[in-house]
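**Q** pasting the structure only:
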């Protein structure tokens, strides 16, 4: 009886091990490409950043282009480079940022997402607007504008912020007062778009709106095609299921 019981126990244990191994082998794994870093996006951003550096480093050597310094020898080919570069560079940056926006918002939630956006974008904007750009704009004012000498604090209060002062005649601009964000306009717009998108998602859920059919297909295609191109595994149905939260 003991031998029979022991044999039965071994048989049951062997069947359990086989079932566990079979389950392990055939259990569906995570959809490839839905987790982890998208390195091809990092590479694309690096290339776009290099194009920005090349363009700004070339301003002094391009014809018909204002810059703080202009070399006596101009290279006409740079004008063609600027035209092509400007036609897609920054818009592609915005497209990349918009591509990840739904995923980040879903992961963090609206409150944490906006808090993170204001910390990462809003704080640098305020620091540069109040402390850094006044120094740049003052140097530009006294060296490149025909309004005569002025002390920094007078400039900061009356020209940069325009307090108790009207714009001078023939003001060279671009705006009055002289306060501006310069090259931080990009993160300024990212912050604006983040707030608009969160508001839209809240309105969409509150009114139970749904994307129009053709627009939904466009967003799905924009999300799925890069994954297919970069060689991610998984079927098209799995990728649609992984990206389904874009409509939520």
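**A** Looks like it arrived, so ask away. All values reported here derive from a predicted model rather than from experimental measurement. Residues are numbered from 1 along each chain as shown.

**Q** which residue ranges of the chain form helices?
**A** Secondary structure of the chain by DSSP state H: the helices cover 2-26, 39-57, 77-86, 89-108, 110-117, 123-127, 133-144, 152-154, 185-206, 213-229, 236-242.

**Q** the inter-axis angle of the second one versus helix 89-108?
**A** With axes from the mean of the first three to the mean of the last three C-alpha atoms, to 10 degrees as the criterion, the two stretches helix 39-57 and helix 89-108 enclose an angle of 140 degrees.

**Q** can you pull the buried residues of helix 39-57?
**A** Judged by neighbour count (16 or more other C-beta atoms under 10 Å), helix 39-57 contains these buried residues: 44, 48, 51, 55. Every residue, glycine included, has its C-beta placed from N, CA and C.

**Q** now do the fifth one
**A** By neighbour count with 16+ other C-beta under 10 Å, helix 110-117 contains the buried residues 113, 114, 117.

**Q** list the contacts for the second one?
**A** If a contact means C-beta atoms under 8 Å, 6 or more residues apart in numbering, then residue 114 has 194, 195, 198 as its contacts.

**Q** and the buried residues of helix 39-57 as a markdown table, adding pLDDT and distance to residue 161?
**A** Shown next, in a markdown table, are the buried residues of helix 39-57 (pLDDT from 0 to 100; distance: C-beta to C-beta, whole Å):
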| residue | pLDDT | distance to residue 161 |
| --- | --- | --- |
| 44 | 94 | 39 |
| 48 | 95 | 34 |
| 51 | 95 | 35 |
| 55 | 91 | 31 |
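
**Q** from the residues you listed, pick the one nearest residue 72.
**A** Ranked by distance to residue 72 (C-beta to C-beta), the buried residues of helix 39-57 are led by residue 55 at 20.5 Å.

**Q** list the contacts of that closest one.
**A** Residue 55 makes contact with 81, 82, 85, 86, 89 under the criterion C-beta under 8 Å, 6+ apart.

**Q** one step back: from the contacts of residue 114, list just the buried residues.
**A** Among the contacts of residue 114, those classed as buried by neighbour count (16+ other C-beta under 10 Å) are 194, 198.

**Q** how about TSV for the contacts of residue 114, with pLDDT and distance to residue 106 added?
**A** Below are the contacts of residue 114 laid out as TSV (pLDDT from 0 to 100; distance: C-beta to C-beta, whole Å):
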residue	pLDDT	distance to residue 106
194	94	14
195	94	17
198	94	11
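
**Q** where in the protein is pLDDT low?
**A** 1-35, 208-248 (pLDDT under 70).

**Q** now with 80?
**A** Scanning the chain with the threshold set as pLDDT under 80 gives 1-36, 64-66, 68, 70, 207-248.

**Q** got the end-to-end distance for stretch 138-149?
**A** End-to-end span of stretch 138-149 (C-alpha to C-alpha, to the nearest Å): 10 Å.
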